[in-house]
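> I need the structure of the sequence given here:
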Amino acid sequence: MQPTTTFLLYLISYTLFFVFNRKSIKDGSQRLIDDNGDFSSKPKKLLYAHFIGIIWLGLVPIFLIKDFFLNALIDLQTIEIENVLLYALTLIVILFIAFKESKSAHEKKDNSENVFQLSALFFTTYFITRALFLFSYELWFRGDLLFETASATGRPLAITLNIFLYVLLHMFNSRKEILACIPFGITACLFSFLFNAVWPAIMLHIAFSLAYEINFYRLDLTRLKTLKS
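Okay, here's the model as predicted:
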């Protein structure tokens, strides 16, 4: 595929996803937990938005790297024990931050019982869908886009562009979330280059997101049981 064609495909893919992401934010269907600590009141739209993201962000990189898809996910030749240990330590820190942040967010929540409660089936479906969405998301961002731009412009510029586009997607969220995108994005990019594959970024993002949301869900279940007893 010609570089110009590839660039246009990236541009169209990102622009459409940006517009759809913005619409989801305005609809209140972009995230499971809002800034007030309440679960989404639009669960069907939330799942729909994730399904669209899986299809759109997943199909583009698979189409572009279909001949070496597995190599993009994992490169066994670059796995060294010291890098694995560094990654494991980073993953532990990420999980610690996720649990800490979810607990802090839940402590700000009202003690009153939510009027709108979601079923256990929804949460199970959501967590699976969320993991698949983040897989596609990172495959696009820290997989195809990152390595493609690195080969064309060099790694420093590729990381800078990657972080810029990543932050831009979160520009309508809270200031805290926008700022958090920078160190997280840099970490994901560096580990992707360190292992010459996208699996480190995929695991980091899924680990943080699900640890945050599942722990929040667990804390809320405990709260509801306490209120009803």
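
> Least confident secondary structure element in this protein?
In the chain, no helix or strand scores lower on mean pLDDT, DSSP states H and E than helix 69-73, which sits at a mean of 68.

> Quick check: what element follows that one along the chain?
Next helix or strand after helix 69-73 toward the C-terminus (DSSP states H and E): helix 81-107.

> who does that next one touch, helix- and strand-wise?
helix 175-195, helix 199-228 (3 or more Cβ pairs under 8 Å, 6 or more residues apart in numbering; DSSP states H and E). Bear in mind the C-beta positions are built from the backbone N, C-alpha and C, glycine included.

> Tell me which of these lies nearest to residue 58.
With Cβ to Cβ as the criterion, residue 58 lies closest to helix 199-228 of the helices and strands packed on helix 81-107, at 11.8 Å.

> can you give me the mean pLDDT across that closest one?
For helix 199-228, mean pLDDT rounds to 89.

> Check which residues of that helix are buried.
199-217, 219-220, 223 (16 or more other Cβ atoms under 10 Å).

> do the same with stretch 39-55
For stretch 39-55, using 16+ other Cβ under 10 Å, the buried residues are 39-40, 43, 46-47, 49-50, 52-54.

> Give me the contact list for it.
Stretch 39-55 is contacted from outside by 17, 20, 24, 27-34, 114, 116-118, 122, 125-126, 129-130, 132-133, 136-137, 220, using Cβ atoms under 8 Å, 6 or more residues apart in numbering.

> before we move on, back to that, mind checking which of the buried residues of stretch 39-55 are in helices?
43, 46-47, 49-50, 52-54 (DSSP state H).

> re the thing from before, reformat the helices and strands packed on helix 81-107 as a markdown table; add distance to residue 83.
Putting the helices and strands packed on helix 81-107 into a markdown table (distance: least, Cβ to Cβ, whole Å) gives the following:
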| stretch | distance to residue 83 |
| --- | --- |
| helix 175-195 | 6 |
| helix 199-228 | 9 |
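
> Among the ones you listed, which comes closest to residue 105?
Taking the helices and strands packed on helix 81-107 one by one with Cβ to Cβ, helix 199-228 is closest: 6.5 Å.

> by contact count, what packs against the closest one?
Partner elements for helix 199-228 (3+ Cβ pairs under 8 Å, 6+ apart): helix 81-107, helix 120-138, helix 175-195.

> hang on, residue 31 is in a strand, isn't it?
No - counting by DSSP: H, G, I helix; E, B strand; the rest coil, one finds residue 31 to be coil, located in no strand.
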